[in-house]
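**Q** Build me a structure from this.
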Amino acid sequence: MASVLVAEDDLDHQRLIASVIRRQGHEVTVAGNGRAALAEAARRRPDLVVADVDMPEMDGLQLCRALRADPALARVPIVLVTAFSLPGDTRMTDAGATAVIRKPFTLQELAAALAPYLGAAPVRPPGEQPAALLDDSALEPVFVEALLRSVDTGLAACDADGRMILLNPILQEFFGESSGSVPLEEWTKRFSLRHHDGSELATEDLPMARALTGEVVEQSGLLATDLQGRQRWLTINARPVRDWGGTVVGAVAALRDITAEHRSRIYQACKTEVLKALAESTSAAEARAQVVRTVGEMLGWRSVRLWLVDPVTDRLRPDTAYTGRDERPLPLPASMARGEGLAGLCWQRGELLWVADLHAEDSPVLPEVVAGTEFRSGGAVPVRSGEHVTGVMTFFSYDPEEPEPALALLLTGVAGSIGAHLQQHRADDLARHLAATTDEYVALVGHELRTPLTSISAYIEMLAAAPDLPADLRDMAEVVDRNSRRLRDLVDQLLDLAALDAGHRTFAAGPVDLTALTTAAVEAIASTVTVRAEVQPGVTLTGDAGRLRQVVDNLLDNAVKFSADGATVSVRLTGDKEAVVLTVTDDGIGLPGDDRPALFRRLYRGDNARHSGIPGNGLGLALCRAVVEHHHGTITLSGHEPAGTTVTVRLPCAPG
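**A** Reported below is the predicted structural model:
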């Protein structure tokens, strides 16, 4: 009969695993968390340990490493159980796990997985009793040393002058073997000890220093840095040691590492703040900026950046970033291709990446970034919308970062929240672009209007041609003719736009000299405003020249129409190997921020435009949007101080 220790915080899973082991005739001891399991293992010396990875107090990986570090328990088989495992994840085997069982599992699968280790376990003789309590020989130094090595708590003692007289191996491993020779008064400065919140800790506030004054200290918080440069959160109990006369002759302290619990609380708080930012932000851009800032500040990362996939160029471009106070921005490129640098590699693989050492030879971080920073570690997590990676969030730190399961889950959740928010934002944009009626209804009404309009136009022409028509009736006929032509133009534009949105209009696909096209459109403008054009020569792309001329004409017409006499309209055209950018800027009446998304809807006009008396039908920008999107581009509106509007069109150099 083998002795098996089961460490599992889920009671249902705990009972299930214990039941399977007992059915095979073995003895089972259960523990509800990793720390309790470690204590049970030291007391019972089990033949097999079965532990869940995700547990409070101490997770399965930490338990595994602690067991392997104990010479008395190092050879015990350890089977880890997990429901979370990334592709190529070696953390469990690296921690010393003998085998891994992945949830969900059947009873047969569990029994089969445990059988090799239960069958090979040594059999404990029936009726064997635990060892008797140690006698006085336990006070000998060899037993004291063994005891100090067995506990999983850091233990220290000092004399009345603050000289260390005892530091057990756990503390020596944490602070270094020579730490025992450091006087208590030098510990704060020597080991950069601080309060839990990172604030400065005075020497007299050290728990052992307080104990030397006669104070009993319970659960005092301490922030320290271990020999690997990792931040560790500790809690300390300290008590004075008194002689028979009551005089304080020294102090003792017990330190417990609560880093896992502390980080779990931070991760939960970070998740809450991220969800709050997404829910309360007034715009998608503000929400993303707040999320990135929250992640950087709460997780202690000095540089966090969100990259989004540009649909025009199919490259990653920076969207928003957080940089810690007094921190220099990273020397990053303006865009990244798939597989390029840390962000590009994360985009390509679609999985969370960790870089323990940015300066290692196999580091995926770009050489110019590595050369321009002193960060030690970093990572990247993909942002998904459905099955597609639509962005990447990168992060960098001066401290070593461990890819622990809880942090990985948090980052995956944060990235998922950003992706869902982006997807919802795109859906909202599409909804705002939908017409109040369907394309079929618009087409039907348009065709029905054309028939009476044809009759009206024809008879008005006949009346106007009559030589004996009275002057007052001729004036009326001209008004009817002018408005019928205006109505006919409106119907034609509606039908054209409906056909574009429904995909019934074909587009020519040929080389377009956008430089010449834009120059011709500017020269054709006859107005009382000044048009300044900055057009880069040789800008070409593949598309429909006629439709693109419609876009340029509409944008110029709007800019001129909403500008006062003598104002200036600026036109700028640039292009490179990736994209073409056309901007038209005016100093006109501008547009309210709430109106901007709706201005691309059919027949929509902003309040300021409708009340200004400036003519228009609300179809020009909707037509521009349809043409630009058919060319796989984007069109956006923005205001600027003190008044005016800038329209930006971005088009790929080649068809998408």
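
**Q** mind checking which helix or strand L342 is in?
**A** Here L342, judged by DSSP states H and E, is contained in helix 341-349.

**Q** could you say what helices and strands that helix packs with?
**A** Helices and strands touching helix 341-349, by 3 or more CB pairs under 8 Å, 6 or more residues apart in numbering; DSSP states H and E, are strand 303-310, strand 315-323, strand 353-355, strand 377-385, strand 388-397. C-beta: built from backbone N, CA, C; applies to glycine.

**Q** Looking at those, which is nearest to M58?
**A** strand 353-355 (21.5 Å; CB to CB).

**Q** what comes into contact with that closest one?
**A** 342, 345-346, 363-365, 377-381, 401, 403 (CB atoms under 8 Å, 6 or more residues apart in numbering).

**Q** before we move on, what about stretch 221-230?
**A** Identification of contacts with stretch 221-230 by CB under 8 Å, 6+ apart yields 173-176, 191-198, 201, 207, 231-236, 255, 376, 399-400, 402.

**Q** That stretch: which residues count as buried?
**A** Neighbour counts over stretch 221-230 (16 or more other CB atoms under 10 Å) mark 221-226 as buried.

**Q** With stretch 188-202 instead?
**A** Those would be 188, 191, 193-194, 201, for stretch 188-202 by 16+ other CB under 10 Å.

**Q** Next step: the residues you listed restricted to strands.
**A** Among those, none falls in strands (DSSP state E).

**Q** related to what we said a few turns ago, return the item of the buried residues of stretch 221-230 having minimum pLDDT.
**A** Looking at these by pLDDT, the weakest one is D226, with 81.

**Q** And for the longest strand along the chain, what's in contact with it?
**A** Ranked by residue count under DSSP E, the longest strand found in the chain is strand 231-242. For strand 231-242, contacts defined as CB under 8 Å, 6+ apart pick out 154, 157, 174, 196, 207-208, 210-226, 248-259, 262-263, 300, 399.

**Q** Within the sheet, what are the partner strands of it, with directions?
**A** strand 217-225 (antiparallel), strand 248-257 (antiparallel) (DSSP bridges).

**Q** between these, which gets nearest to L118?
**A** That would be strand 248-257 among the strands paired with strand 231-242, by CB to CB, at 32.2 Å.

**Q** Which strands and helices lie in contact with whichever helix or strand comes after that closest one?
**A** Counting by DSSP H and E, the next helix or strand C-terminal to strand 248-257 is helix 259-280. The elements that helix 259-280 packs onto, with contact taken as 3+ CB pairs under 8 Å, 6+ apart, are strand 231-242, helix 284-299, helix 405-433.

**Q** Now helix 259-280: average pLDDT?
**A** The average pLDDT within helix 259-280 is 85.

**Q** mind listing what's buried in it?
**A** The neighbour-count check on helix 259-280 (16+ other CB under 10 Å) flags 259-264, 266-267, 270-271, 273-274, 277-278 as buried.

**Q** from the chain's centre, how far out does that helix sit?
**A** Distance of helix 259-280 from the chain centroid (CA atoms, centre = their mean, to the nearest Å) equals 13 Å.

**Q** circling back: with distance to H632 and pLDDT added, can I get the buried residues of stretch 188-202 in CSV?
**A** CSV is the format used below for the buried residues of stretch 188-202 (distance: CB to CB, whole Å; pLDDT from 0 to 100):
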residue, distance to H632, pLDDT
T188, 61, 89
F191, 58, 86
L193, 58, 91
R194, 54, 91
L201, 59, 90
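
**Q** ok, of these, which one's closest to V569?
**A** R194 (59.0 Å).

**Q** separation between that closest one and L353?
**A** R194 sits 31 Å away from L353, going by CB to CB, to the nearest Å.

**Q** rewinding a little: just say which of the helices and strands packed on helix 259-280 is most tucked in.
**A** Comparing these by mean neighbour count (mean count of other CB atoms under 10 Å), helix 284-299 comes out on top with a mean of 20.

**Q** just the angle between it and strand 315-323, please?
**A** Between helix 284-299 and strand 315-323, the angle comes out at 50 degrees (axes from the mean of the first three to the mean of the last three CA atoms, to 10 degrees).

**Q** pLDDT score for the spatially most central residue of the chain?
**A** By CA atoms, centre = their mean, the chain has its centre lying nearest to A415, at 3.7 Å. The model reports A415 with a pLDDT of 85.

**Q** need the contact list for it.
**A** If you count contacts by CB under 8 Å, 6+ apart, A415 has them with 381-384, 393.

**Q** Lowest-confidence member of those, which is it?
**A** Within those, pLDDT reaches its minimum at R384, with 88.

**Q** need the contact list for that one.
**A** R384 is in contact with 350, 390, 415-416, 419, counting by CB under 8 Å, 6+ apart.

**Q** State the pair within those residues that is farthest apart.
**A** Spatial extent of the contacts of R384 (CB to CB) is set by the pair G350 and G416 at 12.8 Å.

**Q** how close does the closest residue in space to R305 that isn't next to it in sequence sit to Y117?
**A** Counting by CB to CB, 6 or more residues apart in numbering, R305 lies nearest to A321, which is 4.3 Å off, once chain neighbours are set aside. To Y117, A321 is 49 Å away according to CB to CB.

**Q** again with R91
**A** 21 Å.

**Q** separation between A545 and T519?
**A** 13 Å.

**Q** swap that for S417, please
**A** 47 Å.

**Q** Also W187?
**A** On the measure of CB to CB, W187 and T519 end up 75 Å apart.

**Q** More neighbours: the two, which one.
**A** Per other CB atoms under 10 Å, whichever of W187 and T519 has more neighbours is W187, with 23 against 17.

**Q** Surely that one is in contact with L206?
**A** Yes: at 6.4 Å, W187 and L206 qualify as touching, with contact defined as CB atoms under 8 Å.

**Q** where do the contact lists of these two overlap?
**A** Joint contacts of W187 and L206 (CB under 8 Å, 6+ apart) are L193.
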